[in-house]
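Colleague: no letters, just coordinates:
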DNA sequence: GTCTATACCATGATAGAC
DNA sequence: GTCTATCATGGTATAGAC
């Protein structure tokens, strides 16, 4: 970590601008997806020339990667900030609720479900992978705790439960339900939580 | 319907070729997705020139639409062929199992989760929509029957259950589980069925 | 490091001969 | 209706001046 006072004004300006770029990318990625997002649009939204973009990020791919890394870091911070004395199952439900609420407000899902190229390039990005592994570890710990407490299915492997929670954060049902416009956002979140944890078959969960 | 004997040899040949085209598109769509599938590839896989492709289908969009319509018709046929005396919940589980097995063997999911453009263009295609509505009606009937039999959550709206089943057929968890390569296809299907109907929280279903 | 202008390429679509 | 050859568009990336 570089001490703050050692940052020149120019360096700070650079960081601010890069933050603005990532912010714009985050919004465009959520609205249009990776393929339909063009570098022209990014430049226009930030208010700089396209060539300047390439001074900050080497490619469209690395730009998207930076945005996804930022997203994972946000998620990590949120998970770490949860009260440790809260029951693990409630923490897990809370994390999914939080992710779904962000997505319904126009944010990105945790799992990159968008584009195969992007997915593969991210899987080769060590920065991204290391953060995803951190998050995986945290969540796996919660899953094991909740399962030990009898709150999760005893015979499902941890990785299946973990993947299921990730997958719910990018579930297309949310888009279609929103499109149908008969339930409000809060109800949609409750439906997703109910179907994810309770399942379709019953188990009288709160809904 | 045109009587078979009225079809000239040329007309039959045309139908065979179009079937071959749709077949190739089906495979490419499943392997690469809509965006990454190019018309050059389609032509190459069928073994005809690209320009010939455009004699059969006006655009890439209409080509994909034809493949998706074909897929829905397959699904409709499968659902209609189910024994009517089977309990509704078993029919629903069987449909999802069937869809997942096809997908694991390299087929397409029922729900077009691939591309926003494609999704929107399909929603404006009356042929596609009418078949989807037929399928929706069939499945909604099964869902209502299963719910009346106490086999499905009483407080979830039919459309939520319907969307959830569709969404499971294109769940990215399947890809990631397959990628991890620690469970075989059959196990993956069972996990998906367990998490879909039983949920993560327990409800001692078969797994 | 920012800009304008442009190279370069992939790809959807078409012309025109046979 | 099939082919070869070509066009047109749009989008990533870069050159070069300031």
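Modeller: Perfect, I can see it now. From a predicted model like this one, the values you see are computed outputs, not experimental measurements.

Colleague: identify the residue spatially nearest to residue A:48, adjacent ones excluded.
Modeller: Nearest residue to residue A:48, sequence neighbours excluded (Cβ to Cβ, 6 or more residues apart in numbering or on different chains): residue A:17, at 7.7 Å. From N, CA and C alone the C-beta is placed, and that goes for glycine too.

Colleague: got phi/psi on the closest residue to residue A:65 other than its chain neighbours?
Modeller: Once flanking residues are discounted, residue A:65 sits nearest to residue A:125: 5.2 Å by Cβ to Cβ, 6+ apart. When read as degrees, to the nearest 10, the backbone of residue A:125 gives phi -100, psi 110.

Colleague: next one: residue A:125 from residue A:152, what distance?
Modeller: In this view, residue A:125 and residue A:152 are 31 Å apart by Cβ to Cβ, to the nearest Å.

Colleague: of these two, who's got more company?
Modeller: Neighbour comparison, residue A:125 and residue A:152: the larger count goes to residue A:152, with 23 against 18 (by other Cβ atoms under 10 Å in any protein chain shown).

Colleague: can you pull the contacts of that one?
Modeller: Neighbouring residues of residue A:152 by Cβ atoms under 8 Å, 6 or more residues apart in numbering or on different chains: A:89, A:143, A:146, A:161, B:200, B:201, B:202.

Colleague: any idea which element it lies in?
Modeller: Residue A:152 is part of no helix or strand, with elements assigned from DSSP states H and E.

Colleague: distance check, it against residue A:73.
Modeller: In terms of Cβ to Cβ, residue A:152 sits 27 Å off from residue A:73.

Colleague: closest point of chain A to chain B, which residue?
Modeller: In chain A, the residue found nearest to chain B is residue A:199; the distance is 2.7 Å by Cβ to the nearest Cβ.

Colleague: which residue sits closest to that residue, ignoring its sequence neighbours?
Modeller: Nearest to residue A:199 is residue B:199, by Cβ to Cβ, 6+ apart, at 2.7 Å.

Colleague: that neighbour reaches residue A:195, doesn't it?
Modeller: Yes - in this structure, residue B:199 is within contact of residue A:195 by Cβ atoms under 8 Å, at 7.2 Å.

Colleague: so for these two, which residue has more residues nearby?
Modeller: Per other Cβ under 10 Å, whichever of residue B:199 and residue A:195 has more neighbours is residue A:195, with 28 against 25.

Colleague: OK, contacts around the more buried one?
Modeller: B:156, B:160, B:161, B:164, B:199.

Colleague: okay, now the fourth one: neighbour count?
Modeller: Think residue B:164. With other Cβ under 10 Å as criterion, residue B:164 counts 23.

Colleague: please apply the same query to the third one.
Modeller: Other residues within reach of residue B:161 by the criterion other Cβ under 10 Å amount to 23.

Colleague: check which residues of stretch A:19-36 are buried.
Modeller: Buried residues in stretch A:19-36, counting neighbours by 16 or more other Cβ atoms under 10 Å in any protein chain shown, are found at A:21-22, A:24-30, A:33-36.

Colleague: same check, this time on stretch A:84-92
Modeller: For stretch A:84-92, by 16+ other Cβ under 10 Å, it's A:88, A:89, A:91, A:92.

Colleague: is it true that the third one touches residue A:143?
Modeller: No - shown here, residue A:91 and residue A:143 do not form a contact pair, counting by Cβ under 8 Å, at 10.0 Å.
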